[in-house]
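Engineer: I would like the atomic coordinates for the input below:
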Amino acid sequence: MDTNNGKSISCRMKNKGEILVLILKKFKGCYFFLHNTKEFGIVENIMNEGFMFESQLPHSTDRVNPNDPIEVTYFLFQRKDYGSFTIIIAIPKIIYEIYTAASNKKNVGIEEVLTVTDPYYGDNDELMYTLSPKHVLGYFNIKTSEFHQNSHWDPFFNNCKARSSGNE
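Structural biologist: All right, here's what the predicted structure looks like:
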């Protein structure tokens, strides 16, 4: 093991994707969506204010399986030009199932259930949605292989309850 500023870094033999998989596996029972960005200020904004996305969550993120290190490694390789900070969205499967059921019941897209703000039309004339910072697990710094968990992440957060009660 190496240390970097007092933080433990996994063995040099592991690639970045394998390191990220080890991190994701600690948060069992979640669906994971990844998004890369270049600027740390954007990372902080997403962790504090939520993740804004256009049209559908898969248009701005890639869903990955933590049981498939090759898939995660491929994501990091394919998206490296988008930046060194990988935002990790982690929604527990049970909560995602609640969102899916609410979406089906209301006959709306799941984005309408996920959003914590009213959707609006963005610059590309596409609907813009905001995912709660409570679904943003944190970020992975590709350059240093460090994971920083978002203090706002809440595995029990259910946006259906928050929206019906009028608060987050």
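Engineer: what separates the top helix by length along the chain from the chain centre, distance-wise?
Structural biologist: When the chain is parsed with DSSP state H, its longest helix is helix 93-106. On the basis of Cα atoms, centre = their mean, to the nearest Å, helix 93-106 sits 18 Å off its chain's mean C-alpha point.
Engineer: elements contacting that helix?
Structural biologist: The helices and strands touching helix 93-106, judged by 3 or more Cβ pairs under 8 Å, 6 or more residues apart in numbering; DSSP states H and E, are strand 30-37, helix 110-114, helix 159-165. (Glycine included, C-beta is placed from N, CA and C.)
Engineer: and residue 137, which of those is closest to it?
Structural biologist: strand 30-37 (7.7 Å; Cβ to Cβ).
Engineer: Show me the contact partners of that closest one.
Structural biologist: With contacts defined as Cβ atoms under 8 Å, 6 or more residues apart in numbering, strand 30-37 is touched by 24, 43, 46, 51, 57-58, 60-66, 72, 75, 79-80, 82-93, 96, 137, 142, 155.
Engineer: hang on, residue 121 packs against residue 127?
Structural biologist: Yes - look at residue 121 against residue 127 with Cβ atoms under 8 Å: they come within range, at 6.3 Å.
Engineer: of these two, who's got more company?
Structural biologist: residue 127 (17 against 9; other Cβ atoms under 10 Å).
Engineer: In this structure that one contacts residue 111, no?
Structural biologist: Yes - Residue 127 is in contact with residue 111 according to Cβ under 8 Å; the separation is 7.4 Å.
Engineer: re earlier: the inter-axis angle of the longest helix of the chain versus strand 30-37?
Structural biologist: On the basis of axes from the mean of the first three to the mean of the last three Cα atoms, to 10 degrees, helix 93-106 is oriented at 90 degrees to strand 30-37.
Engineer: mind listing what's buried in helix 93-106?
Structural biologist: By neighbour count with 16 or more other Cβ atoms under 10 Å, helix 93-106 contains the buried residues 95, 96, 98, 99, 102, 103.
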